[in-house]
Each structure stands twice: as structure tokens, then as C-alpha cells.
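> Would you be able to build a 3D model of this:
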Amino acid sequence: MSNTVSRAARIPVNLLPGIPAQPAPQPRLVPAVVGPKGRAQRIYIECPEWCTVDHGKRTAHLDDITHYSDGDYLQISTFTDEDTSLWDLTLNVTADPVADDPRMREAHIGLDVGGGEVARLDPSMAEELADDLIAFASQLRHKARQVALFNRKQAQR
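A predicted model of the protein is given here:
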């Protein structure tokens, strides 16, 4: 991550006036169908409140169950090919309860950058990236205005 953005000290959310401290989200028990076709079993698993996966659809193995939130999408187009997105970003909350890496078992942000690559971000990494993206978006807007001004001046010649 770049260090081009000065970061102010973050105020904990529960200290902001008018916003009461929020209770920790509780997992819920949901049905999951696990096992080979024709011999699957219905079981109940703990599922985070943010998970939107229908675990009631058959999964071959219990250790294949992964939790995902709804995805947020950003598509970047180009005027040289208006029918195709040049770049797609997808982000969601995810957790893999039986992953070998303990960080993957915890809830984290999965940022799919395309081409099969997923950046895995813990909360502090996601906050830092969000700050960098805000700064980047500000520079994008500044450059868009520069281009528009330049093009207007060129058209007046």
C-alpha cells in the first residue's frame, strides 16, 4: 500500500456520540446437505450472519463448505471497447472454517482482481486499502478535470 495519504487517528466507532456500541454478531444454525449424490445427509452448521450462501445445496464434503457475503462489484470499461469490461473487481467477506491457514479460517475480505487471483485482506489491510482507494479516486477525478479542460481548450483553437 502506498503511504501517499496521511492517515488521521481513527476514532473507535463505539466512542462516537449517538452511535451505541453494537453487539457482536452471532452465528446462526443453518441446514447444509453434505455427502455423495444419493447418500447426502442434512446437517446443521454454524453460519456467520453475513453469509449469503445457500448451504442447503449439496456439497460433496463437509470441508468444502466456505462462507461468503454478497459481493460488491466494480467494472472498469474503456472507450476503445464499450462492449467489454476491461477489468472487474469483486469483494466480499469470506471465511473457510477448515483451511490450513488460520487467517483463512477467520472472517476476512476477499478481493478478486480477476484472472483467478484473490487478495486476502485482514481488517487493518482493508482499512488501509480503502484510504488508498479514496486518495486514488481523488486523483482520478483531478486528472479527469485536467483532461476535460485540456480538451475544451483544444476545441477552441
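> all strands in this structure, in order from the N-terminus.
Ranges of strands in the chain, per DSSP state E, are 28-34, 41-47, 67-68, 72-78, 81-95, 108-114, 117-121.
> Of those strands, which is nearest residue 53?
The closest of the strands of the chain to residue 53 is strand 67-68. By Cβ to Cβ, the value is 5.4 Å. Any C-beta I mention is one placed from the backbone N, CA and C, and that applies to glycine too.
> So what touches the closest one?
Here strand 67-68 makes contact (Cβ atoms under 8 Å, 6 or more residues apart in numbering) with 47-48, 50-53, 92-97, 107, 110.
> Most neighbours among those, please name it.
Within those, most neighbours by other Cβ atoms under 10 Å means residue 51, with 24 neighbours.
> Not counting sequence-adjacent ones, nearest residue to that one?
residue 67 (4.0 Å; Cβ to Cβ, 6 or more residues apart in numbering).
> Determine the number of other residues adjacent to the one you found.
By other Cβ under 10 Å, the residues close to residue 67 number 21.
> Report the beta-bridge partners for residue 119.
For residue 119, the beta-bridge partners are residue 111 (DSSP bridges).
> Tell me how far it lies from residue 24.
26 Å (Cβ to Cβ, to the nearest Å).
> Can you name the residues in contact with stretch 37-49?
Applying Cβ under 8 Å, 6+ apart, the contact partners of stretch 37-49 are 25-35, 53, 55-56, 58, 62, 65, 67, 93, 95, 107.
> Same question for it: list its buried residues.
For stretch 37-49, a neighbour-count test (16 or more other Cβ atoms under 10 Å) marks 45, 47, 48 as buried.
> helices or strands up against the longest helix seen in the chain?
Ordering each helix of the chain by length in residues (DSSP state H) puts helix 123-155 first. Here helix 123-155 touches strand 108-114, going by 3 or more Cβ pairs under 8 Å, 6 or more residues apart in numbering; DSSP states H and E.
> List the buried residues for the strand it packs on?
Of all the residues in strand 108-114, those buried under the rule 16+ other Cβ under 10 Å are 108, 109, 110, 111, 112.
> just checking, what packs against that strand?
So strand 108-114, by 3+ Cβ pairs under 8 Å, 6+ apart, packs with strand 81-95, strand 117-121, helix 123-155.
> what do you get if the cut-off is 6 Å, keeping everything else the same?
Helices and strands touching strand 108-114, by 3 or more Cβ pairs under 6 Å, 6 or more residues apart in numbering; DSSP states H and E, are strand 81-95, strand 117-121.
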